[in-house]
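J.: fold the following and give me the result.
(chains A and B, ligands or ions: 2)
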Number of protein chains: 2
Amino acid sequence: HHIIVCGYGRNGMQAAERLKAYKRPFVVIERDKEVIERFEEDVLFIEGDANDDDVLLEAGIERAQYLIATLPDDAANLFVVLSARQMKKNLFIISRASLVNSQKKLFLAGANKVIMPDKIGGDHMASLVVMPDLITFMDKLSLEGENTTNLEEVAIEDFSNQIDCNSLRDLDLRRKTGCTIIGYISPNGEYIINPEADMKLQPKSKVIVLGRPEQIKKLNKMFHIE
Amino acid sequence: HHIIVCGYGRNGMQAAERLKAYKRPFVVIERDKEVIERFEEDVLFIEGDANDDDVLLEAGIERAQYLIATLPDDAANLFVVLSARQMKKNLFIISRASLVNSQKKLFLAGANKVIMPDKIGGDHMASLVVMPDLITFMDKLSLEGENTTNLEEVAIEDFSNQIDCNSLRDLDLRRKTGCTIIGYISPNGEYIINPEADMKLQPKSKVIVLGRPEQIKKLNKMFHIE
Ligand SMILES: [Ca+2]
Ligand SMILES: [Ca+2]
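T.: Ligands and ions are numbered 1, 2, ... in the order given. Purely as a prediction, here's the structure:
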């Protein structure tokens, strides 16, 4: 159930760092020997070209859960995505793209998500001009870190195993923990933003909770989450 | 009070599109004649090199409020940032950077914000693996669009001009509009995430409000915002 990262450029390196911080098992396919020599104490590498099926096999694609294609060239990512999809149907594939036109092709080839760093970067720069306070607020929301996180995703079962709750109101999270419920994910994956207090809680649904770190900690402790 | 965008590559193009969508006045400095010819019907260009002080003057740097440096080369952005800062003290400068090491230098040269697209992209890719639901939720939050926005930043004066309010509780926004207050920005720019109901409302402070589009609309209408 590991993750295969293709390419150890700036994109791949950042993705790998993040995966490492979360203690998720991953392997990086990289063809540049010098890059491998420089980082091999920190990262598990497979030397070779991600375009080569044998290299994907060596990286354990048959057991992998995710593949992240971060090659600098869209055509190379397309090749990897298509190969990987053919080799494994139930693999979650995330690809980088430079050109807008590549996005559709990557989806056709089998990518589940396509990320365009230049587009995200350009959006971010303009947003700093047109809505600086909102962007700064969003940037301050930390998704990670045991003692800094502001958002937590909680399965309804974590609540319903311990208290009687039919609706969000019954949970009464605000009074108990200070946390605010800002989203609801239904069992079929529909996202509801800012749900009403009388929203019915279905089995297998989830809620997204906002709080300051100490409030999130209280929540996690109270309901024995994680 | 216009914005100067340096470079019309993928980054600059996306930033320009966003600025245009918000009807913000901007001019793009670009040295590639072919690029200018292709897009000059949509965008106001100054032909020339952003590294040239005369070109920055021609782009109206003396009257500009923001400069966005999106050149593909960190050294070129550094040069632009340093020049622009020397020409105008109270200019808000946002620069792109490729290498982590450039970030500090860009700040030293006078940048107010530095954006690293590859880093943001890599983070995003890894987050799709480690916290897919939270990332999807954040991505679904729309900051823009008259009929799609989920977040609104409201000056306290917009409320206090119309109702008596000393604390968030007095505003009673949830009952009146369905919206939830998820942040507070103090007059000196401190951000408080998930503020308490008894938080005192100081003059010149702002709140960040979350809601579904129809709730945000109701809020804007009720308090005559914008
Ligand atoms: Ca968690
Ligand atoms: Ca607004």
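
J.: what's the lowest-mean-pLDDT helix or strand in chain A in contact with?
T.: Evaluated with mean pLDDT, DSSP states H and E, the helix-and-strand set of chain A has its lowest mean pLDDT in helix A:132-140, which scores a mean of 87. Applying CB atoms under 8 Å, 6 or more residues apart in numbering or on different chains, the contact partners of helix A:132-140 are A:124, A:127-128, A:150, B:138, B:141, B:143, B:151, B:153, B:183, B:185, B:191, B:193, B:206, B:208. Glycine gets a C-beta too; all of them are placed from N, C-alpha and C.

J.: looking at these, which are in helices?
T.: Counting by DSSP state H, the contacts of helix A:132-140 place A:H124, A:S127, A:L128, B:M138 in helices.

J.: among the residues you listed, which two are most distant?
T.: Pairwise distances among those were taken by CB to CB; the largest, 17.3 Å, belongs to A:L128 and B:M138.

J.: ok, so of the ones in helices among the contacts of helix A:132-140, who is nearest B:D158?
T.: Nearest member of those to B:D158, counting by CB to CB, is A:S127, at 21.6 Å.

J.: list the contacts for the closest one?
T.: With contact taken as CB under 8 Å, 6+ apart, A:S127 is in contact with A:L134, A:I135, B:R18, B:L143.

J.: using a markdown table, please lay out the residues you listed together with neighbour count.
T.: Formatted as a markdown table, the contacts of A:S127 follow (neighbours: other CB atoms under 10 Å in any protein chain shown):
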| residue | neighbour count |
| --- | --- |
| A:L134 | 19 |
| A:I135 | 19 |
| B:R18 | 21 |
| B:L143 | 17 |
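
J.: for A:N11, which non-adjacent residue is closest in space?
T.: Counting by CB to CB, 6 or more residues apart in numbering or on different chains, A:N11 lies nearest to A:T70, which is 4.0 Å off, once chain neighbours are set aside.

J.: show me where chain A dips below the pLDDT cut-off.
T.: By pLDDT under 70, the weakly predicted segments of chain A are A:145-146.

J.: and the strands in it?
T.: A:3-6, A:26-30, A:45-47, A:66-69, A:92-96, A:113-115, A:151-155, A:180-185, A:191-193, A:206-210 (DSSP state E).

J.: please save the CA atoms from the fifth one in CSV.
T.: Same thing as strand A:92-96. Taking Å, rounded to 0.1, in the frame of the first residue of the first chain, the C-alpha atoms of strand A:92-96 are listed here in CSV:
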residue,chain,number,x,y,z
PHE,A,92,-5.0,6.4,-7.7
ILE,A,93,-3.0,8.4,-10.2
ILE,A,94,-2.1,12.1,-9.6
SER,A,95,-0.2,13.8,-12.4
ARG,A,96,1.4,17.2,-12.8
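
J.: ok so, going back, alpha carbons only: can I get the least confident helix or strand of chain A in PDB?
T.: What follows is the C-alpha trace of helix A:132-140 in PDB, where atoms were taken according to Å, rounded to 0.1, in the frame of the first residue of the first chain:
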ATOM      1  CA  PRO A 132      -5.400  39.400   0.500                       C
ATOM      2  CA  ASP A 133      -7.200  38.900   3.800                       C
ATOM      3  CA  LEU A 134      -9.100  35.800   2.700                       C
ATOM      4  CA  ILE A 135      -5.900  34.300   1.200                       C
ATOM      5  CA  THR A 136      -3.900  35.000   4.200                       C
ATOM      6  CA  PHE A 137      -6.600  33.400   6.400                       C
ATOM      7  CA  MET A 138      -6.700  30.300   4.200                       C
ATOM      8  CA  ASP A 139      -2.900  30.100   4.300                       C
ATOM      9  CA  LYS A 140      -2.900  30.300   8.100                       C
END
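
J.: in that helix, what's buried?
T.: A:L134, A:I135, A:T136, A:F137, A:M138 (16 or more other CB atoms under 10 Å in any protein chain shown).

J.: any idea how far that helix is from the chain center?
T.: Between the mean C-alpha location of helix A:132-140 and the chain-wide mean there is a distance of 20 Å, by CA atoms, centre = their mean, to the nearest Å.

J.: try stretch A:193-207
T.: Averaging C-alpha positions (CA atoms, centre = their mean) puts stretch A:193-207 22 Å from its chain's average.

J.: for stretch A:85-95, same thing?
T.: Here stretch A:85-95 shows a centroid-to-chain-centroid distance of 16 Å under the convention CA atoms, centre = their mean.
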